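Colleague: Here is a sequence with its predicted model. Questions after.
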Amino acid sequence: MNQTLAAILPLEGLQSAGSGPLYVKLRQSLEDAIRTGKLEHGDALPAERDLADYANVSRVTVRKAVDDLVRDGLLSRKHGSGTFVVKPMSRVEQPLTKLTSFTEDMARRGLTTKSEWLERGLFHPTPEEMMMLGLAPGTKVARLGRLRMGNDMPLAIEHASISVEFLPDPEAISGSLYAELEKRDARPVRAIQRISASNMKEPDAGLLGVPVGSAGLSIERVSYLASGRVVEVTRSLYRGDAYDFVAELSLGGN
Ligand code: 16G
C-alpha cells in the first residue's frame with residue numbers, strides 16, 4: 001500500500017468521514033488533510049488513478065470530490081502538471097502608515113520570515129531604473145528578486161532595485177534588505193507606495209501557489225533617504241487572498 005497516501009488519508013477516516021455519497025466522504029477526508037496540514041500549501045495531490053485505487057472508489061468519484069475542492073478554492077488544477085493544494089490563509093492586515101520591512105511585519109505577527117532567491121546581483125540598469133534611482137551613467141544597480149514567505153506560506157514576490165552606492169554587495173544579504181541598508185546608514189525614512197489590482201499569471205501564480213487568474217495586489221514602493229535621494233524601487237506582487245492594506249484617514253484641515 002502507498003505509505004504517503006495512508007498517512008494523508010487513513011482509510012478508517014475515509015469510512016467514517018461525513019455522510020452521504022462516497023465522493024462527499026472523500027472530499028471531506030481531503031479537506032481534513034488540508035486543514036490539519038497533512039497536505040500542505042503547494043503539495044501535489046496524488047494522481048487521480050492512485051487515489052481511486054487506494055480508496056477503492058471509481059475515478060469518477062475522485063474527480064467529483066476534487067472538482068468540489070477546486071470550486072471551493074482548496075485545490076487548484078495546473079494544466080499538464082496536476083492538482084495542487086491551496087491552503088486558506090488567515091488574512092494579514094498591513095497598516096499603510098509605517099515604513100516597515102517584510103521581516104519586521106512578519107515578526108510583529110509572530111511569523112518567521114523565509115525568502116527564496118529569484119534574482120540577486122549587480123546589473124546594468126534599465127533606462128527606467130537609471131531615471132527612478134537617479135543613477136549616474138555607468139553606475140550599476142543591485143537587484144534582489146525574492147519569493148517572500150511567512151511561516152513557510154508564500155505571500156509575495158518582490159523585485160527590488162537599489163543603487164550600487166547603497167548596496168555594493170547584494171550577495172551579503174542573507175535576511176533583511178532594510179537591516180542591511182540600516183547598517184550602511186541608508187535605511188529609507190519615507191516612501192511612496194502605489195497599489196493596484198492585478199490577476200495572477202504564470203510564473204507568479206505557480207510561485208505563490210495560487211490558481212492562474214486569482215486576485216493579486218501589485219505594489220510599487222519608491223523609498224527615500226532623509227536627503228531626498230531615492231534608495232529603493234521595489235515592485236511586488238502580493239496574494240490578494242492574504243493581504244488587507246489598511247490606511248487611517250482623518251478629516252482634512254483645508
Ligand atoms: C517590504 C516592502 C519592500 C521592501 C521590503 C524589505 C512592501 C510592499 N514592500 O516588503 O519594498 O524592500 O519590505 O524587507 O511593503 P526586508 O528588510 O525584510 O528584506
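Modeller: Sure, I can see it.
Colleague: How about the contacts made by the closest residue to Ala172 other than its chain neighbours?
Modeller: Once flanking residues are discounted, Ala172 sits nearest to Glu180: 6.6 Å by C-beta to C-beta, 6 or more residues apart in numbering. All C-beta atoms are positioned from the backbone trio N, CA, C, and that covers glycine. Applying C-beta atoms under 8 Å, 6 or more residues apart in numbering, we find Glu180 in contact with Leu167, Ala172, Ile173.
Colleague: Contact partners for Ser81?
Modeller: Ser81 neighbours (C-beta under 8 Å, 6+ apart): Ala44.
Colleague: any idea how far it is from the ligand?
Modeller: 29 Å (C-beta to the nearest ligand atom, to the nearest Å).
Colleague: Now do the buried residues in the helix or strand containing Ala179.
Modeller: With secondary structure defined by DSSP states H and E, Ala179 is part of helix 177-183. Within helix 177-183, the residues that qualify as buried are Leu177, Tyr178, Glu180, Leu181, counting by 16 or more other C-beta atoms under 10 Å.
Colleague: Make sure the second one is actually in contact with Asp105.
Modeller: Meaning Tyr178. No - with contact defined as C-beta atoms under 8 Å, Tyr178 and Asp105 do not form a contacting pair (10.6 Å).
Colleague: so what's the closest residue to Arg190 other than its chain neighbours bridging to?
Modeller: In space, and not counting its chain neighbours, Arg190 is closest to Tyr224: 4.7 Å by C-beta to C-beta, 6+ apart. Tyr224 has these beta-bridge partners by DSSP bridges: Arg190, Val230.
Colleague: What segments of this structure are helices?
Modeller: Counting by DSSP state H, the chain has helices at residues 3-8, 11-16, 22-35, 48-55, 59-71, 102-108, 127-133, 177-183, 204-208.
Colleague: contact partners of the third one?
Modeller: Going back to what we said before, that points to helix 22-35. With C-beta under 8 Å, 6+ apart as the criterion, helix 22-35 contacts 8-9, 13-15, 17-19, 38-39, 45, 51, 55, 57, 61-62, 64-66, 68-69, 74-75, 85, 87.
Colleague: Among those residues, name the buried ones.
Modeller: When the contacts of helix 22-35 are checked for burial by 16+ other C-beta under 10 Å, the buried set is 8-9, 14, 17, 38-39, 45, 51, 55, 57, 61-62, 64-66, 68-69, 74-75, 85.
Colleague: For the stretch 1-150 of the chain, which residues are neighbours of the ligand?
Modeller: Ser101, Phe102, Thr103 (C-beta under 6 Å from any ligand atom).
Colleague: May I ask which of these has the most neighbours?
Modeller: For these, the largest neighbour count, defined by other C-beta atoms under 10 Å, is 23 neighbours, found at Phe102.
Colleague: ok, and the closest non-adjacent residue to that residue?
Modeller: Excluding its sequence neighbours, the residue lying closest to Phe102 (C-beta to C-beta, 6+ apart) is Arg148, at 5.4 Å.
Colleague: doesn't Pro154 make contact with that neighbour?
Modeller: Yes - applying C-beta under 8 Å, one finds Arg148 in contact with Pro154, separated by 7.4 Å.
Colleague: got any residues that touch both of these two?
Modeller: With C-beta under 8 Å, 6+ apart as the test, Arg148 and Pro154 reach no residue in common.
Colleague: so what's Glu202 up against?
Modeller: Val212.
Colleague: err, Gly134, not the other one
Modeller: Neighbours of Gly134 in contact, by C-beta under 8 Å, 6+ apart: Ser163, Arg229, Val230.
Colleague: Now do it against Leu5, distance only.
Modeller: Distance of Gly134 to Leu5, given as C-beta to C-beta, to the nearest Å: 57 Å.
Colleague: same thing with Arg35?
Modeller: Distance from Arg35 to Leu5, by C-beta to C-beta: 18 Å.
Colleague: If you count surrounding residues, which of the two has more?
Modeller: Leu5 (16 against 12).
Colleague: The residue lying closest to that one once chain neighbours are set aside and the ligand, how far apart?
Modeller: Counting by C-beta to C-beta, 6+ apart, Leu5 lies nearest to Tyr54, which is 4.7 Å off, once chain neighbours are set aside. Distance of Tyr54 to the ligand, given as C-beta to the nearest ligand atom: 42 Å.
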